[in-house]
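A.B. asks: model this:
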Amino acid sequence: MKNLYSLIFSLLLVPAFSQAQNVGISDSEASFTPDNSAALEIKSTSRGVLVPRLTTAQRNAISTPAEGLLVYDNELDYFFFYASGWQQLGGTSGSGGTSLEDADADTKIMVESSTDNDKVEINTAGVTRMEIDNAGNVKMGGSNNYTNIESDGSLRMHGEATTYTDLVVPITSTTRGGSKDPDFNEFKDNGSGSQGVFGFDFDDDNQEELYFMVQMPHSWVEGTDIYPHVHWTSDDTDVGSKKVRWGLEYTWTNVGEEFPLTSIIYGEDPIAPCNPVTEDLHAITELGTLSGTGKTLSSILVCRVFRDAGHSNDNFGKDATLLMLDFHFQEDAFGSRGVYTK
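C.D. replies: Numbers count the residues shown, from 1 in each chain. Alright, predicted model coming up:
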């Protein structure tokens with residue numbers, strides 16, 4: 001009976017207001033109307049609601065907990081609610097409220113995964129997919145292959161996130177005037193007497209050549225290899241199993257360094273989608289690999305492209321029409337931060 005009197009006395013000290021089937025309790029207002037959607041509304045500007053505080057063992061010992069039951073685990077320092085089992089409200093057990101994760105803890109959002117690292121990380125299936133460090137750099141992807149949005153807003157790709165693009169050399173931008181110029185001839189018209197379109201025809205019995213220069217762009221991954229190849233066609237007849245052998249002579253150096261002696265590379269086998277080469281087919285022949293070791297942006301290649309017609313492997317007895325030459329290269333950014341440096 002004494003306990004009953006104490007309960008009644010306590011309720012009289014806190015203004016409580018009941019309308020229909022919902023209850024309002026306030027420690028600061030003489031009267032207020034609880035929201036119709038709430039069975040119980042508590043108002044205070046200086047205090048909170050304290051739910052039962054249990055050890056982990058005590059929480060697990062609760063017999064047939066109701067769905068939605070809420071307690072505070074004072075060993076793990078987390079709220080838990082029951083929904084077909086105890087569910088932790090955010091974070092890894094014992095992590096001090098620094099993560100939000102799934103049931104098996106392999107997919108989560110973490111802050112401060114190690115003491116005071118001031119980093120936000122997003123993991124899926126146990127792998128960090130995104131992180132924001134304390135300088136504002138954003139990393140997206142995996143551990144080795146990823147894209148960075150750096151703190152200054154610039155974009156940089158790493159590993160397999162880098163992409164390939166073309167450094168194009170239009171053949172009409174090359175220079176003749178040497179001793180072995182190819183003829184610039186029509187190779188296609190509209191069939192009704194149009195002026196047609198033209199390309200450079202390289203003889204089958206005489207080494208002919210064109211000259212050009214290129215600069216490595218600021219988006220290039222410095223020091224990586226580049227891959228020259230020629231685009232060409234035969235407007236005369238099928239090439240079939242015969243070969244057209246192309247060559248590239250070049251010298252390549254950085255700004256502030258001397259040009260070395262030239263090197264020459266060759267190619268005679270068209271890539272698979274255009275082998276064998278039939279009449280009027282757009283063909284590509286790779287010319288090998290140019291090592292980019294030690295090379296930097298704005299480095300210059302001075303080049304000569306030619307048909308190595310005198311070689312025994314060049315056994316196609318007709319002209320070959322050169323359409324384009326370009327270099328595949330890896331890029332890891334839209335450009336560079338510095339005028340002459342990456």
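A.B. asks: for the rest of this, base every contact and every neighbour count on C-alpha atoms.
C.D. replies: Fine.
A.B. asks: give me the next element, helix or strand, following whichever strand or helix holds residue 71.
C.D. replies: Using DSSP states H and E, residue 71 falls within strand 70-73. With elements assigned by DSSP H and E, the helix or strand that comes after strand 70-73 is strand 78-82.
A.B. asks: for that next one, which strands pair with it and how are they oriented?
C.D. replies: With DSSP bridges as the test, strand 78-82 is paired with strand 70-73 (antiparallel), strand 86-88 (antiparallel).
A.B. asks: can I get the ones you listed in JSON lines including mean neighbour count, distance to residue 341 and mean pLDDT?
C.D. replies: Shown next, in JSON lines, are the strands paired with strand 78-82 (neighbours: other CA atoms under 10 Å; distance: least, CA to CA, whole Å; pLDDT from 0 to 100):
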{"stretch": "strand 70-73", "mean neighbour count": "20", "distance to residue 341": "56", "mean pLDDT": "91"}
{"stretch": "strand 86-88", "mean neighbour count": "18", "distance to residue 341": "51", "mean pLDDT": "81"}
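A.B. asks: among those, which comes closest to residue 329?
C.D. replies: strand 86-88 (50.3 Å; CA to CA).
A.B. asks: who touches that closest one?
C.D. replies: 78, 79, 80, 81, 103 (CA atoms under 8 Å, 6 or more residues apart in numbering).
A.B. asks: show the buried residues in those residues.
C.D. replies: Neighbour counting by 16 or more other CA atoms under 10 Å classes 78, 79, 80, 81 among these as buried.
A.B. asks: tell me where the stretch 1-150 of the chain has helices.
C.D. replies: Along the stretch 1-150 of the chain, counting by DSSP state H, counting those that start in this stretch, helices occupy 2-13, 56-60.
A.B. asks: residue 145 contacts residue 139, correct?
C.D. replies: No: in this structure, residue 145 is not within contact of residue 139 by CA atoms under 8 Å, at 10.0 Å.
A.B. asks: quick one, which of those two is more surrounded?
C.D. replies: Taking other CA atoms under 10 Å, residue 145 and residue 139 do not tie; residue 139 has more neighbours (21 against 13).
A.B. asks: might you report the residue contacts of the more buried one?
C.D. replies: With CA under 8 Å, 6+ apart, residue 139 has these contacts: 129, 130, 131, 132, 146, 147, 148, 149.
A.B. asks: pretty sure the first one contacts residue 144?
C.D. replies: No: Residue 129 is not in contact with residue 144 according to CA under 8 Å; the separation is 10.9 Å.
A.B. asks: domain ranges for this structure?
C.D. replies: 15-49, 53-160, 163-331 (automatic domain parsing).
A.B. asks: where does the stretch 1-150 of the chain have low pLDDT?
C.D. replies: Low-confidence segments of the stretch 1-150 of the chain (pLDDT under 70): 1-20, 90-99.
A.B. asks: residue boundaries of the strands in it?
C.D. replies: For the stretch 1-150 of the chain, applying DSSP state E, counting those that start in this stretch gives strands covering 16-19, 22-26, 40-43, 53-54, 70-73, 78-82, 86-88, 99-101, 108-111, 120-124, 127-132, 138-141, 146-149.
A.B. asks: who does residue 167 bridge with?
C.D. replies: In this entry, residue 167 is beta-bridged to residue 327, by DSSP bridges.
A.B. asks: need the contact list for it.
C.D. replies: So residue 167 contacts 216, 326, 327, 328, 329 (CA under 8 Å, 6+ apart).
A.B. asks: out of those residues, which comes closest to residue 30?
C.D. replies: residue 329 (76.6 Å).
A.B. asks: just give me the neighbour total for the closest one.
C.D. replies: Residue 329, neighbours per other CA under 10 Å, totals 23.
A.B. asks: I figured residue 215 hits residue 296, correct?
C.D. replies: No: counting by CA under 8 Å, residue 215 does not reach residue 296; the two are 10.2 Å apart.
A.B. asks: those two: which is more packed in?
C.D. replies: residue 296 (22 against 15).
A.B. asks: phi, psi of residue 171?
C.D. replies: phi -60, psi -30 (degrees, to the nearest 10).
A.B. asks: please name the nearest non-neighbouring residue to it.
C.D. replies: Spatial nearest neighbour of residue 171, chain neighbours left out: residue 324 (5.2 Å); criterion: CA to CA, 6 or more residues apart in numbering.
A.B. asks: did I read that right, that neighbour in a strand?
C.D. replies: Yes: assigned with DSSP: H, G, I helix; E, B strand; the rest coil, residue 324 falls within a strand.
A.B. asks: residue contacts, it?
C.D. replies: 168, 169, 170, 171, 230, 231, 232.
A.B. asks: in PyMOL, how would I select the buried members of these?
C.D. replies: To isolate the buried members of the contacts of residue 324 in PyMOL, using 16+ other CA under 10 Å:
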select buried, resi 169+171+230+231+232
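A.B. asks: of the contacts of residue 324, closest to residue 342?
C.D. replies: residue 168 (21.4 Å).
A.B. asks: picking up where we left off before, separate out the buried members of the contacts of residue 139.
C.D. replies: Buried, going by 16+ other CA under 10 Å: 129, 130, 131, 132, 146, 147, 148, 149, out of the contacts of residue 139.
A.B. asks: so the fourth one sits right up against residue 119, yeah?
C.D. replies: Yes: contact between residue 132 and residue 119 holds when scored by CA under 8 Å: they sit 5.7 Å apart.
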